[in-house]
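Trainee: Have a look at this prediction, sequence included:
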Protein chains: 2
Amino acid sequence: MARPRTFAPDAALARIKDAFWEKGYEGTSMQDIEAATGLKKQSLYRLFGDKRQMYLAALRHYEENEIRKAAELLETPGTAKERFAGFFGHFIDDALKTGDRRGCFLCNAAVDQAQVDKETLRQVHRIMEQVARLFERVLATSKPYDTDAELTTKKAAHLMASYLGLRVLIKAGWPEDYLRLSARAAVEAV
Amino acid sequence: MARPRTFAPDAALARIKDAFWEKGYEGTSMQDIEAATGLKKQSLYRLFGDKRQMYLAALRHYEENEIRKAAELLETPGTAKERFAGFFGHFIDDALKTGDRRGCFLCNAAVDQAQVDKETLRQVHRIMEQVARLFERVLATSKPYDTDAELTTKKAAHLMASYLGLRVLIKAGWPEDYLRLSARAAVEAV
DNA sequence: CCAATTTGTTACTGATTGGTCCGAAATTCG
DNA sequence: CGAATTTCGGACCAATCAGTAACAAATTGG
């Protein structure tokens, strides 16, 4: 009884995520979002509410797609060191291969919006906690099978910082060798 | 022969730095800067050029003040581990005590402007390199007196990532215990 | 085929953006 | 004191911001 929409909302959201990911919240105008999605404002507002809700939806999309993909990267056989080496190496490879310097959307959001918007802060913290738990799971389920919970948490906390820091180093334009060194040291500490 | 200015340019720049530091480049309007400095646009533009130059000047001010202060934090007696433990601990203490969640301006700039503006990228990278060299110097001049240059570089690269990551964790609202764990692990890897 | 309903599109809103112009106030040197 | 010079302050600029209202096109159910 109604005209069906001519676009896939999820595909549009993926584009919105890309836009915010690249330029940040304030750096992305509604015009940018229109261009990225090929949709007009009215459709966007009807679908997502306002700009802030689009940002939060983009963050959720990042969680459900990119973070999920990253989690799968850790689902490999091998020792904990090997698994994390592959994980860290992937982001370096990717940045060098595609020249993608957008960094980690989660980290970007923490830096440029978590301060301004409490809901963003909550979401960022929640998703980061998820990642930390994932790291702990990997440490506990692969050689040398950490059993001390406190030690595991500490290692995971260190890996979190190392991961976020690495992605900032990538954004700051450090050369490949330096990134590899940093990643190697992080993994060796596991 | 001319009317003297009624404010100290450096003090004004310090305020501008604070504004950008807190809200980022796009998040800070000229109105915000007027309010922060107590100066009018005309004076600001005459003194610094345009908004982008104000940002770059603020970055330099950060380098010459905050980074310098941080460097002095490392100028303590003790082993390398002790010196870095004090260094990392300071930022955690400070964030908890003052509630200051602005993070590291250098890291913020890398995340939100290095991508957009090449000069910012250059400056950020240059200053970060300075910090990395400082870390290497500390590793080489305190127990256990690292002599292998490659190992020293690797440790410094790891400390850089750990430092930047820690400051992102702080922005993301992680609790004190977690921050301390992360810092402790980073220091232990030295 | 027609009425109901939801889509997409155009035009517009008031507010704010970074930046400029120009006159008035103030200070120093002659 | 007076001329030169510079700072300061408000008005002003076009462009852009996020968001809205109103209208036309399209599709489905009756």
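Mentor: Yes, it's here. Numbering: from 1, shown residues only, chains lettered A, B, ... in the order given.
Trainee: Helix or strand: which one has A:Arg46?
Mentor: helix A:41-48 (DSSP states H and E).
Trainee: Determine whether any part of that helix lies close to DNA strand D.
Mentor: Yes: using C-beta under 7 Å from any atom of the strand, helix A:41-48 comes into contact with DNA strand D via A:Lys41, A:Gln42, A:Tyr45. Any C-beta I mention is one placed from the backbone N, CA and C, and that applies to glycine too.
Trainee: for these, which one is nearest DNA strand C?
Mentor: Nearest to DNA strand C among the residues of helix A:41-48 next to DNA strand D, counting by C-beta to the nearest atom of the strand, is A:Gln42 at 3.1 Å.
Trainee: sorry, back to before: which one of the residues of helix A:41-48 next to DNA strand D has the most neighbours?
Mentor: Compared across the residues of helix A:41-48 next to DNA strand D, A:Tyr45 has the highest neighbour count, 14 neighbours, by other C-beta atoms under 10 Å in any protein chain shown.
Trainee: measure it to A:Ala109 for me?
Mentor: 22 Å (C-beta to C-beta, to the nearest Å).
Trainee: and A:Thr37, what does it touch?
Mentor: A:Phe7, A:Ala12, A:Arg15, A:Ile16, A:Leu44 (C-beta atoms under 8 Å, 6 or more residues apart in numbering or on different chains).
Trainee: With distance to B:Glu129 as extra columns, can I get those in JSON lines?
Mentor: What follows is the contacts of A:Thr37, written out as JSON lines (distance: C-beta to C-beta, whole Å):
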{"residue": "A:Phe7", "distance to B:Glu129": "46"}
{"residue": "A:Ala12", "distance to B:Glu129": "41"}
{"residue": "A:Arg15", "distance to B:Glu129": "36"}
{"residue": "A:Ile16", "distance to B:Glu129": "35"}
{"residue": "A:Leu44", "distance to B:Glu129": "42"}
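Trainee: which two from these end up farthest apart in space?
Mentor: In these, two members sit farther apart than any others by C-beta to C-beta. They are A:Phe7 and A:Ile16, at 12.0 Å.
Trainee: So for those two, which sits in the more crowded spot?
Mentor: Taking neighbours as other C-beta under 10 Å, A:Phe7 and A:Ile16 compare with A:Ile16 leading, 25 against 13.
Trainee: Tell me how many other residues crowd the closest residue to A:Ala80 other than its chain neighbours.
Mentor: Distances taken as C-beta to C-beta, 6 or more residues apart in numbering or on different chains put A:Ser142 closest to A:Ala80, at 4.6 Å, once the chain neighbours are dropped. Using other C-beta under 10 Å, the number of residues around A:Ser142 comes to 19.
Trainee: and if you look at A:Ala85?
Mentor: 18.
Trainee: Could you check the pLDDT of it?
Mentor: What the model reports as pLDDT for A:Ala85 is 97.
Trainee: After the worst-scoring helix or strand of chain A on mean pLDDT, which helix or strand is next?
Mentor: Ranking every helix and strand in chain A by mean pLDDT, DSSP states H and E puts helix A:41-48 at the bottom, with a mean of 90. Next helix or strand after helix A:41-48 toward the C-terminus (DSSP H and E): helix A:51-62.
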